[in-house]
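> Sequence and predicted structure, then a few things I'm wondering about:
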Amino acid sequence: MSNAYSSAAGGAMDKAAAARGLWSSRLAFILAATGSAVGLGNIWKFPYITGENGGGAFVLVYLLCIAAVGLPIMMAEVLIGRRGGHSPVNSMRAITNQEGLKPAWRWVAGIGVLAGFLILSFYSVIGGWAISYVGTAATGQLAGQSAESIGAIFSGLLGDPIKLLLWHTVFMALVMIVVARGVRSGLERAVSILMPALFVLLLIVVGYAMTTGHFGQAVSFLFQPDFSKLTTSGVLVALGHAFFTLSLGMGIMMAYGSYLPKNISIAKTSVAVSLMDTVVALLAGLAIFPIVFANGLEPGAGPGLIFQTLPLAFGQMPMGSLFGTLFFVLLIFAAWTSGISLLEPLVEWLEEQKGMNRTLSTLGAGIACWLLGIASILSLNLWSDVAPLGMFAMFEGKTIFDLLDFLTANILLPLGGLLVAVFVGWFLSRKALEEELSMSPAVFTAWYRVLRYFTPVAVAIVFIYNLV
Ligand code: TRP
């Protein structure tokens, strides 16, 4: 391909993309995509689901899902976005037109818009926890505390709906401000400074974790598979989390891919983003589990795990209040750049479909999401016994918060990803794919086979196993 705008995807569409502005470089796309991918999923969710699912075997399945399901689908999503050159729904529409396929395919991106909305509603509540902990760490409340009092601080927060609402509101407002102004201004710069900083801080905590005397135990917990601890639902959780952590299955990689210049390799950038995401998750695991074991805590403690372990570490290490404050500030930023990418597809859709302007669509989408978030807040305290779909065995005992998490990560995202894999693997012309991917024939064939045969079958099997 000779230059950035001469692909066979059609000159008109490329001009549209040019008018919307492209990422300034390959690095900029990597940064934005990494900003979306690296978030609470890596630092909050990965350790706690690993703890709940017994460690090593779960981690192994998760890594397999990243490599054999997540990566091929990420490439497929970026490809759709770059070829379509619009918001996810309209990129799908453009491609179906161009390839003579049924317009109904665009609803694949529609599922994504819904998933993003549902995820952000509870994601923002957890982002609020991180905001709350900035204050807790900065005022020295963690210094020298025992595991019990750290636990009490956390239960105190969960039991206080007003405080949770306040921080949830602050988080949603942060997300809405950036989305209303247009995602690309500022995002590149923010991510390029904050991601490396978060990385360094994680390394510091891992360094501290090595001094606890339980590092070896944590390493074997994370990397020595014990398959007797792996359940079929654990496999579903690992698969769902591969989608969640890579921000797949809802079209955000399509949205960001639409700004990717034509001369940049989709495969290499996708590998880079997946690798960075995985490294951050594994580092979080290495930071947290030594602390869990050193303090006799429960690895399966659930969603509160990092808020009950990391504060202990910050309470004990030198300059812990400073590092703790910094850590939670960076966690907020990681969550922020992800939160932005959860709202963006819905806002783009409202703009393009309903003809609303950016401010109005951001306000509408953001406020609706904020309202739904209140249900998750209440399910942590006043409604902790309410299980709306509890009459179905698979949803037994799941609160609203648990349900939203389960429905999105374990059902909507894999379903979206499955449809993307089928669409790109079976419906797009091979010529279109070769044009977009322009990689060596051997690698292309490997990707194509995995996407056509392995990915959809794997997702379908895991699904059927768990639903039946
Ligand atoms: N990947 C983010 C995380 O790990 C969450 C996220 C952002 C996401 N955008 C997404 C998940 C789109 C699914 C789809 O925290």
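Now that the structure is in, tell me what you want to look at. Numbering: from 1, shown residues only.

> Taking the protein, what residue is nearest to the ligand?
Residue nearest to the ligand within the chain: Gly41 (2.1 Å; CB to the nearest ligand atom). Every C-beta, even on glycine, is put in place using the N, C-alpha and C of the backbone.

> Pull the contacting residues for the closest residue to that residue other than its chain neighbours.
Distance criterion CB to CB, 6 or more residues apart in numbering; nearest residue to Gly41, sequence neighbours excluded, is Thr245 at 4.1 Å. Residues near Thr245 by CB atoms under 8 Å, 6 or more residues apart in numbering: 37, 41-42, 45-46, 66, 70, 277, 281.

> What is the nearest of those to Leu350?
Here the nearest of these to Leu350, counting by CB to CB, is Ala37; it sits at 24.1 Å.

> wait, isn't the closest one in contact with Phe243?
No - the pair Ala37 / Phe243 is not scored as a contact, 10.8 Å apart, by CB atoms under 8 Å.

> Quick check: which ranges of this protein have low pLDDT?
1-26, 183-186, 189 (pLDDT under 70).

> any idea where the strands of it begin and end?
Under the criterion DSSP state E, the chain carries no strands.

> Narrow the contacts of Thr245 to just the buried residues.
The neighbour-count test (16 or more other CB atoms under 10 Å) marks 37, 41-42, 45-46, 66, 70, 277, 281 as buried among the contacts of Thr245.

> In helices only, show me those residues.
37, 46, 277, 281 (DSSP state H).

> Determine which two of those are furthest apart.
Pairwise distances across these (CB to CB) peak at 11.9 Å, for the pair Ala37 and Phe46.

> The ligand contacts on the protein?
Counting by CB under 6 Å from any ligand atom, the residues of the chain close to the ligand are 36-37, 39-42, 116, 119, 244-245, 247, 250, 252, 338, 341-342, 413.

> what about 5 Å?
Residues of the chain lying near the ligand by CB under 5 Å from any ligand atom: 36-37, 39-41, 244-245, 247, 250, 252, 338, 341-342.

> Kindly indicate which of those lies nearest Ala267.
Nearest to Ala267 out of those is Ala37 (CB to CB; 16.2 Å).

> who touches the closest one in this structure?
Residues in contact with Ala37 (CB under 8 Å, 6+ apart) are 245-247, 273-274, 276-277, 338.

> Number of residues surrounding Lys163?
Lys163 has 16 neighbouring residues, counting by other CB atoms under 10 Å.

> The one 3 residues further on now?
Residues within reach of Leu166, counting by other CB under 10 Å, total 14.

> how much space between it and Ala334?
Taking CB to CB, to the nearest Å as the measure, Leu166 falls 21 Å from Ala334.

> got it, and Ala242?
Distance from Ala242 to Ala334, by CB to CB: 18 Å.

> same deal with Ala281?
12 Å.

> want to throw the ones in helices among the buried ones among the contacts of Thr245 into CSV with distance to Ala365?
CSV is the format used below for these (distance: CB to CB, whole Å):
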residue, distance to Ala365
Ala37, 21
Phe46, 27
Asp277, 25
Ala281, 28
